[in-house]
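Enquirer: Only the shape, not the letters, is given here:
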DNA sequence: CTGTTAGCGCCTTCAG
DNA sequence: CTGAAGGCGCTAACAG
């Protein structure tokens, strides 16, 4: 391929003139500009090489979004799609590119953060929190941690997960429910994707350190139930990844193992929707036989049958804020910590339990 | 930030030794290696700068995917999500990054293709075909054109759109339908997103040059209908973008303007599913009152109510092939042209028309 | 308004 | 196994 120097030579000018023609055309006399443009066309020169420009400028004009799942998985995950959409909007507004990076496994994550040609990162709730934060810091680029347990000196965007979960549980308690199950996201960082059933009293369920949102939501459920005299330790928990197929398997497991409950507290809308579908297939009426609350308020939540009662979070706005931070980072000395509000949206998937306290069938 | 030279100095070695420590550690004596690693840690050096490496190596280790809509739009578009997923899989396998580029408007598209830090492009059915092809060629990077009218010297991946459409229409004809409407994708490149209604005889509908898939699918419908003595010119057409909300508006328009038809030929599954939902809301039974055929076979097609009869295309495989080509391009002299097969999948959204030939209500 | 110069940070010969 | 040198392609600063 032709370089700038070649164009300069065939146009009979210097390299910087060619550079100016491409970068500040108004500064070069029209006749010379035409000559340079003609030379460029003749040599099939497409403009300054972005790689060289990136080195020279010290920036890549793109940001990286590190996701907790494979990229294919992300495409099948409604919450993430909406989050990505928010990030992408802001990138568009800044005329910057968006590189999608996956943190499914350690190596991929490390490679991505170390080698991506970007000017900053949005880290979204990956499993290897410490490692990624360390890598991002070594890279010397601005980054935000979204929905994860990041150290205090790292800028973060969080959600009032605990408060939202509390409100969801309280809503069901207010309706009169007393027999609950939790349809949880992954409790710990593990290669195995589940789903897993944890009966009341199962000590495994205490291992809730890996994921910020899981832990906080569970704590919120526990808060509200405790107020009603119900110990979270006595509530059956099904642990399952979200995302289209995983959610369906978790839903089936819950219905198999906890047939006696009248209300399910789900940690994600797709889990909740999958549960309603599984229930319908088994002839369990929602909400008459079983009430379901979700979390997130993904677009499908209002379209499901019945429409889902859920804890709404500003997903796209969260993506926008995250991206915005990367383009306008705070100085490292004063990290930004944002906690976004959530809101309980009551739709039609929740109702008082049957007065006889039992399910049909 | 520390550079390689700084690390070399504090470790008391030369730059190339540091380089070796990071790129071929086995070549450097363990004791020296340790010293270098310690120095790197001390200086908070995170490894070779990807920008410099990209310039030096002449590659960015990422590919660009140019999409015909905004990135946010792409996230709300089932077909594109699946296509992106396929591309992403192959990128993962190659340990390469994926940059999402939008070609909504000319400027964004041009900027993306000219400036993205990538080693090649997948061009997916954008409106500005010639311009993007020209830019990609000037960039001197390998690229494939997917689902678009590319010149013969450009490698392309196409679909048997026409054959698929023909089969869809023939299926409905075989069931006995004679009164059709077409629920079309955008017929021409226009800023306005519609939807538009084209009554029989409307000359506007001839302007079908912008989009390869639209034109071919319409031609396939026309082929089959012509065999049954029906001129495509006598069939009402509603033109609408696909994607969640646009599809819903197009569906409503079709039901408003073409109430007499017994069968609808849709060019995209999300349009078809939106139509079935709109029909249900109006008390029109599918397939009893109205048969609907889609195109693409997105995952939701088998989950809709009723499950959608559609022309299946290997969406993810198409994405995989496209990405694979970019990583293993043919020499420019011998472009590759692939036409992927399609298959009619008959589910429950099609049935013979009512014997009285009328809709209920 | 145009041309010259000096790197951006790295990697790959090649010589020691 | 290690060190020195050259250059990837570009642009900012400065001199003319």
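Expert: Ah, there it is. Predicted model only: the values in this text are computed from it and were never measured.
Enquirer: show me the contacts for the residue of the stretch 1-150 of chain A found nearest DNA strand D.
Expert: Ranking the residues of the stretch 1-150 of chain A by distance to DNA strand D (C-beta to the nearest atom of the strand) places residue A:4 first, at 2.8 Å. Using the backbone N, CA and C atoms, a C-beta is placed for each residue, glycine as well. Contacts were defined as C-beta atoms under 8 Å, 6 or more residues apart in numbering or on different chains; by that measure residue A:4 touches A:15, A:18-19, A:45, A:48.
Enquirer: Tell me the most packed of those residues, by neighbour count.
Expert: With neighbours defined as other C-beta atoms under 10 Å in any protein chain shown, the most crowded of those is residue A:18; it has 27 neighbours.
Enquirer: So what would you say the end-to-end distance of stretch A:237-248 is?
Expert: Stretch A:237-248 stretches 15 Å from its first residue to its last (C-alpha to C-alpha, to the nearest Å).
Enquirer: Count the residues that sit near residue A:249.
Expert: For residue A:249, the tally of surrounding residues (other C-beta under 10 Å) stands at 17.
Enquirer: wait, does stretch A:225-242 make contact with chain B?
Expert: No. Judged by C-beta under 8 Å from any C-beta of the partner chain, stretch A:225-242 and chain B are separated, with a smallest distance of 16.0 Å.
Enquirer: Which helix or which strand is home to the residue in the stretch 251-361 of chain A that DNA strand C sits nearest to?
Expert: Minimum separation of the stretch 251-361 of chain A from DNA strand C (C-beta to the nearest atom of the strand) falls at residue A:332, amounting to 18.1 Å. No secondary structure element spans residue A:332, as it lies outside all helices and strands (assigned by DSSP states H and E).
Enquirer: Contact residues of chain A facing DNA strand C?
Expert: Proximity of chain A to DNA strand C, by C-beta under 7 Å from any atom of the strand, involves residues A:12-17, A:20, A:27-29, A:32, A:52, A:55-56, A:58.
Enquirer: Buried subset of the residues you listed, written for PyMOL?
Expert: One line in PyMOL is enough to select the buried members of the residues of chain A next to DNA strand C, burial here meaning 16 or more other C-beta atoms under 10 Å in any protein chain shown:
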select buried, chain A and resi 13+17+20+28+32+55
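Enquirer: about what we covered before: among the contacts of residue A:4, which are in reach of chain B?
Expert: Taking C-beta under 8 Å from any C-beta as the test, chain B is in contact with residue A:45 out of the contacts of residue A:4.
Enquirer: In JSON lines: the contacts of residue A:4, plus secondary structure.
Expert: Written out in JSON lines, the entries for these read as follows (DSSP: H, G, I helix; E, B strand; the rest coil):
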{"residue": "A:15", "secondary structure": "helix"}
{"residue": "A:18", "secondary structure": "helix"}
{"residue": "A:19", "secondary structure": "helix"}
{"residue": "A:45", "secondary structure": "coil"}
{"residue": "A:48", "secondary structure": "coil"}
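Enquirer: can you list the residues that contact stretch A:295-315?
Expert: A:78-79, A:82-83, A:86, A:159, A:164-165, A:167-168, A:171, A:217, A:266-270, A:272-273, A:276, A:280, A:286-287, A:291-294, A:340-350, B:244.
Enquirer: Excluding chain neighbours, what is closest to the most centrally placed residue in chain A?
Expert: The C-alpha lying nearest the average C-alpha coordinate of chain A belongs to residue A:80 (C-alpha atoms, centre = their mean; 4.5 Å). Leaving out its chain neighbours, the residue that sits closest to residue A:80 by C-beta to C-beta, 6 or more residues apart in numbering or on different chains is residue A:74, at 4.6 Å.
Enquirer: dump the residue contacts of that neighbour.
Expert: Residue A:74 makes contact with A:67, A:80-81, A:84, A:100, A:102 under the criterion C-beta under 8 Å, 6+ apart.
Enquirer: pLDDT score for the residue nearest to the centre of chain A?
Expert: According to the per-residue confidence, residue A:80 scores 96 in pLDDT.
Enquirer: Need phi/psi at it.
Expert: Dihedral pair for residue A:80: phi -60, psi -40, per degrees, to the nearest 10.
Enquirer: Residue A:203: neighbour count?
Expert: Other residues near residue A:203 number 8, with proximity taken as other C-beta under 10 Å.
Enquirer: Repeat that for the one 10 residues further on.
Expert: Neighbouring residues of residue A:213 were enumerated by other C-beta under 10 Å; the total is 22.
Enquirer: Spit out the contact partners of it.
Expert: Residues in contact with residue A:213 (C-beta under 8 Å, 6+ apart) are A:125, A:147, A:159, A:161, A:185, A:267.
Enquirer: How about the residue with the largest distance to the centre of chain A, nearest residue that isn't a chain neighbour?
Expert: Here chain A has its C-alpha centre computed as a mean, and the residue farthest from that point, by C-alpha atoms, centre = their mean, is residue A:12 with 53.2 Å. Closest residue to residue A:12 apart from its sequence neighbours, by C-beta to C-beta, 6+ apart: residue A:35 at 7.2 Å.
Enquirer: For that neighbour, report the pLDDT, please.
Expert: Taken from the predicted model, the pLDDT recorded for residue A:35 is 91.
Enquirer: quick one, phi/psi of it?
Expert: Backbone geometry at residue A:35, expressed as degrees, to the nearest 10, gives phi -60, psi -40.
Enquirer: contacting residues for residue A:13?
Expert: Applying C-beta under 8 Å, 6+ apart, the residues contacting residue A:13 are A:32, A:35-36.
Enquirer: Could you do residue A:165 as well?
Expert: By C-beta under 8 Å, 6+ apart, the residues touching residue A:165 are A:216-221, A:223-224, A:265, A:267, A:295, A:311.
Enquirer: Name the member of the contacts of residue A:13 with the shortest distance to residue B:259.
Expert: residue A:36 (61.5 Å; C-beta to C-beta).
Enquirer: my read: that closest one touches residue A:7, true?
Expert: Yes. With contacts counted by C-beta atoms under 8 Å, residue A:36 reaches residue A:7, the gap being 6.6 Å.
Enquirer: Please identify every residue contacting each of the two.
Expert: Taking C-beta under 8 Å, 6+ apart as the contact criterion, the common neighbours of residue A:36 and residue A:7 are residue A:18.
Enquirer: returning to what we had before: which of the contacts of residue A:74 has the largest number of neighbours?
Expert: For the contacts of residue A:74, neighbours tallied by other C-beta under 10 Å; top is residue A:84, 28 neighbours.
Enquirer: that older thread, give me the distance between the residue of the stretch 251-361 of chain A closest to DNA strand C and chain B.
Expert: Separation of residue A:332 from chain B (C-beta to the nearest C-beta, to the nearest Å): 12 Å.
Enquirer: unless I'm mixing things up, that residue is touching residue A:153, no?
Expert: Yes. Here residue A:332 lies in contact with residue A:153, judged by C-beta under 8 Å, at a distance of 7.4 Å.
Enquirer: List, one by one, the residues from the stretch 251-361 of chain A near chain B.
Expert: Contact residues, the stretch 251-361 of chain A versus chain B (C-beta under 8 Å from any C-beta): residue A:299.
Enquirer: Check the stretch 201-350 of chain A for the residue nearest DNA strand D and tell me.
Expert: Closest point on the stretch 201-350 of chain A to DNA strand D, by C-beta to the nearest atom of the strand, is residue A:327, at 18.9 Å.
Enquirer: burial measure for that residue, as a count.
Expert: Each residue near residue A:327 was counted by other C-beta under 10 Å, and the total is 15.
Enquirer: Could I get the pLDDT score of it?
Expert: In this prediction, residue A:327 carries a pLDDT score of 97.
Enquirer: That one contacts residue A:90, doesn't it?
Expert: Yes. In this structure residue A:327 lies within contact range of residue A:90 using C-beta under 8 Å: 7.0 Å.
Enquirer: Tell me the one of the contacts of residue A:165 nearest residue A:193?
Expert: Comparing every one of these with residue A:193 (C-beta to C-beta), the shortest separation belongs to residue A:267, at 15.3 Å.
Enquirer: what's the neighbour count on the closest one?
Expert: The local packing count at residue A:267 equals 30, with neighbours defined by other C-beta under 10 Å.
Enquirer: Many thanks, I have nothing further to ask.
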